[in-house]
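Asks: Got a sequence here, can you model it:
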Amino acid sequence: MTAPFVPATAHVRRFLKSSAGGASFLLLASLAGFVLANSPWAAGYRTLTTLPLKFPFLGKRGPDNIAAWVSDGLMTLFFLVVILEIKKEIVSGHLSSLRRVALPLIGAVGGMVVPALTYLLVTWGHPEATSGWAIPVATDAAFTLPIILALGRRVSPGGRAWLMALAIFDDVLGIVVIALFYGSALYWPALLAAVLVTAALIGANRAGIRTLWAYGSGGVLLWTTLLDSGLHPTLAGVITGLCLPAGDARGAAPLDRVSSAVTPFVTWIVLPLFGFMNVGISVAGIKPDMMLEAVPLGIILGLMIGKPVGVFGATLLSIRLKVAMLPAGTSTGMLFGLSLLCGIGFTISLFVANLAFSGSDLMTPAKMGIFTGSALSALSGWLWLRFIPQTVTRPSEEGGFPR
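Replies: Have a look, this model is predicted:
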């Protein structure tokens, strides 16, 4: 009996809606930037990414070229999508109870502290490298999710939910780090204005206002005030997302409507543009032994060793102390393989590198360290989960993440 015919357009639609589709396009856009930066068209690529685009009414700290608009402007929408996913999980998903929150949160904290300490240890004695300590602390869900989906039944539903929750918490911690450590000197009048706009957004939520233009205009106003406040303007996406009302009985919630509208734009436009603009580094004059210099080596070891050791160690300790429970149907061996995948720190790591080493000669080595560490983490995690036999625990009726 022959299989039913499936039109090619159906396959295309399925691909466009899949996590693998978005990750593939991000990877292709990033590779395109890298190839162009190392081709005869490199000058044209640099001209494109530094094309002036400045609006005087935004002041002297407003974005002044295409690349800056992507990093400081469009990436605000990326952080908005991240926080909306977190809020949905808290309201009705895998983070809806303290027991479910504990394990990935503890793992995320361990996965932040140990990579940062690893980086600082490797770069000890190089004060110019210190500001890059946060580069290896975040996990990129855009790449980890397609990998674990491709592994199919080799990753339990509980393990998959744990990793996604951990990646979400990683992003939150990354946002906090960016806000606290990678802003400029605080300018109190602008900061006060940002606080007032935030209060207005919270008031709109409390008052039950569901009109999207109110939150949209508030978010834009908040972004403009944050430009001069000393905090990074992408924080506007986080605050606006937290203020959007979640679901109730009155139809589609503003949170869901915004998520449905913005997520495809972020997946297919914002992240690929960010990758295209930031991965385009020239390798002319770069030699393999340069990867042993303090900054790239610190990032590579932070991602490849510090990240899985921090995540797996903190998670295992919390289970041993009975603070949290192992995800249903997940073995410690599977947990270790998933912890290896946590070393994929592409998007947020690049974002932090831009903030830490903007205008510095350390930018290119940092990006090379991010690519190498992320690629090796992806490969090692995939090989472990694909070929190492896993002894799967029996699902728990009480704890862990549900199927």
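
Asks: model confidence over stretch 165-175, on average?
Replies: If you average the pLDDT over stretch 165-175, you get 80.

Asks: which other residues reach it?
Replies: Counting by C-beta atoms under 8 Å, 6 or more residues apart in numbering, stretch 165-175 makes contact with 79, 82-83, 85-86, 89, 94-95, 100-101, 104-105, 107-109, 111-112, 134, 137-141, 144-145, 234-235, 238, 311, 342, 348, 352, 401, all of which sit outside it. C-beta: built from backbone N, CA, C; applies to glycine.

Asks: Sort out which of these are buried, if you could.
Replies: Buried subset of the contacts of stretch 165-175 (neighbour count, 16 or more other C-beta atoms under 10 Å): 79, 82-83, 85-86, 89, 94-95, 100-101, 104-105, 107-109, 111-112, 134, 137-141, 144-145, 234-235, 238, 311, 342, 348, 352, 401.

Asks: what number of residues lie near the residue nearest to Ile370 when sequence neighbours are not counted?
Replies: Distances taken as C-beta to C-beta, 6 or more residues apart in numbering place Ser349 nearest to Ile370, at 4.6 Å, with adjacent residues excluded. For Ser349, the count of nearby residues is 29 (other C-beta atoms under 10 Å).

Asks: Look at Lys54 and give its secondary structure.
Replies: The local conformation at Lys54, judged by DSSP: H, G, I helix; E, B strand; the rest coil, is coil.

Asks: List the contacts of the spatially closest residue to it that is not a sequence neighbour.
Replies: On the basis of C-beta to C-beta, 6+ apart, the spatially nearest residue to Lys54 that is not a chain neighbour turns out to be Asp64, at 4.3 Å. Counting by C-beta under 8 Å, 6+ apart, Asp64 makes contact with 52-54.

Asks: top of these by neighbour count?
Replies: Taking other C-beta under 10 Å to define a neighbour, the member of these with the most is Leu53, carrying 14 neighbours.

Asks: residue contacts, that residue?
Replies: For Leu53, the contact set (C-beta under 8 Å, 6+ apart) comprises 63-66, 69.

Asks: go with 10 Å
Replies: With C-beta atoms under 10 Å, 6 or more residues apart in numbering as the criterion, the residues that contact Leu53 are 62-69, 73.

Asks: so what pLDDT did it get?
Replies: 90.

Asks: Would you mind measuring from it to Gly359?
Replies: In this structure, Leu53 lies at 19 Å from Gly359, with C-beta to C-beta, to the nearest Å as the measure.

Asks: what does Val262 give?
Replies: Counting by C-beta to C-beta, the gap between Val262 and Gly359 amounts to 31 Å.

Asks: Of the two, which one has the most company?
Replies: For Val262 versus Gly359, neighbours defined as other C-beta under 10 Å are more numerous around Val262 (18 against 6).

Asks: The more buried one and Met304: what is the separation?
Replies: Where Met304 is concerned, Val262 sits at a distance of 33 Å (C-beta to C-beta).

Asks: where do the strands sit along the stretch 251-400 of the chain?
Replies: Secondary structure of the stretch 251-400 of the chain (DSSP state E, counting those that start in this stretch): no strands located.

Asks: residue ranges with poor pLDDT in it?
Replies: Low-confidence segments of the stretch 251-400 of the chain, defined by pLDDT under 70, span residues 251, 390-400.

Asks: quick one, helices of it?
Replies: With DSSP state H, counting those that start in this stretch, the ranges of helices along the stretch 251-400 of the chain come out as 254-265, 271-278, 294-301, 307-320, 332-341, 346-356, 363-387.

Asks: ditto for the stretch 101-250 of the chain
Replies: In the stretch 101-250 of the chain, the helices defined using DSSP H, counting those that start in this stretch lie at 141-150, 157-181, 188-206, 212-227, 235-243.

Asks: Can you say which of those helices is packed in most?
Replies: helix 235-243 (a mean of 24; mean count of other C-beta atoms under 10 Å).

Asks: Restricting to C-alpha, output that helix in CSV.
Replies: Taking only C-alpha atoms (Å, rounded to 0.1, in the frame of the first residue of the first chain), the coordinates of helix 235-243 have been written out as CSV:
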residue,chain,number,x,y,z
LEU,A,235,15.1,45.8,28.7
ALA,A,236,12.0,47.5,27.3
GLY,A,237,11.0,44.2,25.7
VAL,A,238,11.2,42.4,29.0
ILE,A,239,9.2,44.9,31.0
THR,A,240,6.5,45.2,28.3
GLY,A,241,6.2,41.5,28.0
LEU,A,242,5.8,41.1,31.8
CYS,A,243,3.0,43.7,31.7
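
Asks: average pLDDT for that helix?
Replies: Helix 235-243 comes out with an average pLDDT of 91.
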